[in-house]
Each structure stands twice: as structure tokens, then as C-alpha cells.
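Chemist: here's my sequence, what's the structure:
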Amino acid sequence: MKSRILRCVAAAALAGATLAAIPVAGQQDHGSGHGSGHGSAHGSAHEAAAPADPRAREVADRYRRANERMHAEMDIPFTGDPDRDFAAAMIPHHRGAIAMAEIQLRYGRDPELRKIAEAVVATQAQEVAQFQDWLRRNPPKP
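Modeler: Reported below is the predicted structural model:
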């Protein structure tokens, strides 16, 4: 089991998503820029509703930041090419799922959810690599 988790985390690292890449409380927060009410970490609605327990607050903060990062990175300039736009937008979307699954693996206790999180890391890292490969093989049309 431990080796499987390590393989999954290694796959996620290859895809560019790790817990270390997600800022934690006290670090600069750039927000998502989507106008969805997600502002800076200072005084945001998310922070006001943060749990009192320090461990729970850390978990909630990591999930919030992973979500904000995913949405910010998904805000790409769409080209109108449905294939390229799909591949380019799905990479950060999957990386966000991997980041959230890593949070579950680090903090979660439920065996069923941990198993799902392991599968998310493994499959979505593979799909990120497939999207990247497709984009390399299919350069933008002039």
C-alpha cells in the first residue's frame, strides 16, 4: 500500500501538482480573478468561516487554495479550437483534482475515500501526461 501511494505521489509530481506547490496560511494569495467572491486571504468569506481547530483550519485552507489555484490556472486564453482548448484547460483542472486528492491522502482517514484519492492521483496524472503529449504533437494551426 505504501509503495502504491509513493508511486501515485511521484506521478502527481511529474504532472506538476504537489502539496508543496499549494501556498498555506500566511503566504501570498493571488486569488482566482474570476469574480466569484474569491478574494485575497485577508478578510475573504472563506477565511471568516474557517474552523477554529488549527488542523481543520489547515485542511480547509489547503483545499481552498488548491481550488483557487486550479480556477486561476484554468483561466486560459481560449483559441476557439475545441481540441486545443479542451486539452489546455483540462491540464490545470486535473492538476487541481490531484492536489485535492493529495490533501485527502495527507489528512483524510476514511479508507474508501483514501482509495478513491489514490485512484484520482494515478489516473489524472496519466491523463495530464496524455493531454501534454497531444498538445506537443498537435501544434496550433496558423
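
Chemist: check contacts around R114.
Modeler: Under the criterion of Cβ atoms under 8 Å, 6 or more residues apart in numbering, the contact list for R114 reads Q104, L105, G108. All C-beta spots, glycine's among them, are computed from the backbone N, C-alpha and C.

Chemist: where does it fall, phi/psi-wise?
Modeler: In terms of degrees, to the nearest 10, the main-chain angles of R114 are phi -60, psi -40.

Chemist: coming back round to it: filter the contacts of R114 down to the buried ones, PyMOL style.
Modeler: Selecting only the buried members of the contacts of R114 in PyMOL, with burial defined as 16 or more other Cβ atoms under 10 Å, works like this:
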select buried, resi 104+105
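
Chemist: closest one of the contacts of R114 to Q132?
Modeler: L105 (23.2 Å; Cβ to Cβ).

Chemist: could you find the closest non-adjacent residue to the closest one?
Modeler: Spatial nearest neighbour of L105, chain neighbours left out: A117 (5.1 Å); criterion: Cβ to Cβ, 6 or more residues apart in numbering.

Chemist: my guess is the one you found contacts R106, does it?
Modeler: No. The criterion here is Cβ atoms under 8 Å, and A117 misses it with R106 at 9.5 Å.

Chemist: pick out whichever of the two has more residues nearby.
Modeler: Under the criterion of other Cβ atoms under 10 Å, the comparison of A117 against R106 puts A117 first, with 23 against 13.

Chemist: work out for me the element the more buried one sits within.
Modeler: Using DSSP states H and E, A117 falls within helix 111-137.

Chemist: tell me which residues in stretch 118-128 are buried?
Modeler: Under the neighbour-count criterion of 16+ other Cβ under 10 Å, stretch 118-128 has E118, V120, V121, A122, T123, Q124, A125, E127, V128 buried.

Chemist: as a markdown table, those residues with pLDDT would be great.
Modeler: What follows is those, written out as a markdown table (pLDDT from 0 to 100):
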| residue | pLDDT |
| --- | --- |
| E118 | 98 |
| V120 | 98 |
| V121 | 97 |
| A122 | 96 |
| T123 | 98 |
| Q124 | 97 |
| A125 | 97 |
| E127 | 98 |
| V128 | 98 |
